[in-house]
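Asks: just coords:
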């Protein structure tokens, strides 16, 4: 594990037509991370947006070398975007945050403190708030699907470090915990794969209230559900073969 002074965060922000969110997001993320004193870079991985997202990121990058843009053509999927972004940074701490402002950038210092301290991974959790989970405003069908999708992961997670929100898309992990592990680029739930296959010895969950999308459209669809089912099948085999299982 590197020293506190040599730590660098590579925060990936996957985008697909998020022009309405990017300026606000960058301002809030930089305001939050600047107070930590940690070296960082913001890696936007754009899946060939056609709404001006790339141009907006490039304008910010002209004035701030910590802002980077990677463009993927004919590729889709959050997991693949995250993997691509992490491959384009030399940071020893790797993170991801959504571009739609449903993940509060103000939580970033807490996540960073977690992985700079005693934990291998720090996760923004929707199900760990002081006054109930932050999905209380969801319709019953969405809450049921979310609960079931989370419940089926518990047998796959490592005993002793099971987390309440293994589906979160808002987290940081130390690079050493996933070095040499080939993560699958399909689907949205890369955290679950890291929890099952990564060298994770200690996990921290920090509660947050899941916000409303600021602009743009949700990327959830039937393919996302099918990709998740495929991932569960693959990780079930990994969990069975895991030492100590």
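Replies: Received it, and whenever you're ready, just let me know what you need. A quick note: this is a predicted structure, and the numbers were derived from the prediction, not measured.
Asks: to the chain's geometric centre, what's the distance from stretch 168-181?
Replies: Relative to its chain's centre, stretch 168-181 lies at 9 Å (CA atoms, centre = their mean, to the nearest Å).
Asks: can you give me the end-to-end span of it?
Replies: 20 Å (CA to CA, to the nearest Å).
Asks: next SSE downstream of the lowest-mean-pLDDT helix or strand in the chain?
Replies: In the chain, no helix or strand scores lower on mean pLDDT, DSSP states H and E than helix 140-151, which sits at a mean of 54. For helix 140-151, the following helix or strand on the C-terminal side (DSSP states H and E) is strand 171-174.
Asks: which positions in the helix or strand following that next one come out as buried?
Replies: Note on strand 171-174: by DSSP H and E, the next helix or strand toward the C-terminus is helix 190-197. Of all the residues in helix 190-197, those buried under the rule 16 or more other CB atoms under 10 Å are 190, 191, 192, 193, 194, 195, 196, 197. (C-beta placed from N, C-alpha, C; glycine too.)
Asks: backbone dihedrals for the residue nearest to the first one when sequence neighbours are not counted, please?
Replies: The spatial neighbour of residue 190 that comes closest, neighbours along the chain excluded (CB to CB, 6 or more residues apart in numbering), is residue 79 at 4.2 Å. In terms of degrees, to the nearest 10, the main-chain angles of residue 79 are phi -60, psi -50.
Asks: now do the strands in the protein.
Replies: Under the criterion DSSP state E, the chain contains strands at 8-15, 39-46, 67-71, 93-96, 121-125, 171-174, 203-207.
Asks: do you know which of those strands lies nearest residue 84?
Replies: strand 39-46 (5.3 Å; CB to CB).
Asks: okay, the angle between the closest one and strand 8-15?
Replies: Counting by axes from the mean of the first three to the mean of the last three CA atoms, to 10 degrees, strand 39-46 lies at 20 degrees to strand 8-15.
Asks: strand 39-46 pairs with which strands?
Replies: Partners of strand 39-46 in the sheet, by DSSP bridges, are strand 8-15 (parallel), strand 67-71 (parallel).
Asks: and among those strands, the most buried is which?
Replies: Across these, the average number of neighbours (mean count of other CB atoms under 10 Å) peaks for strand 8-15, which reaches a mean of 25.
Asks: same question for that strand, mean pLDDT?
Replies: What strand 8-15 shows for mean pLDDT is 98.
Asks: kindly report the same for stretch 49-65.
Replies: 97.
Asks: ok, the closest residue in space to residue 164 that isn't next to it in sequence - how many residues close by?
Replies: Leaving aside its chain neighbours, residue 164 sits nearest to residue 127 (4.4 Å; criterion: CB to CB, 6+ apart). By the measure other CB atoms under 10 Å, the count of residues near residue 127 is 20.
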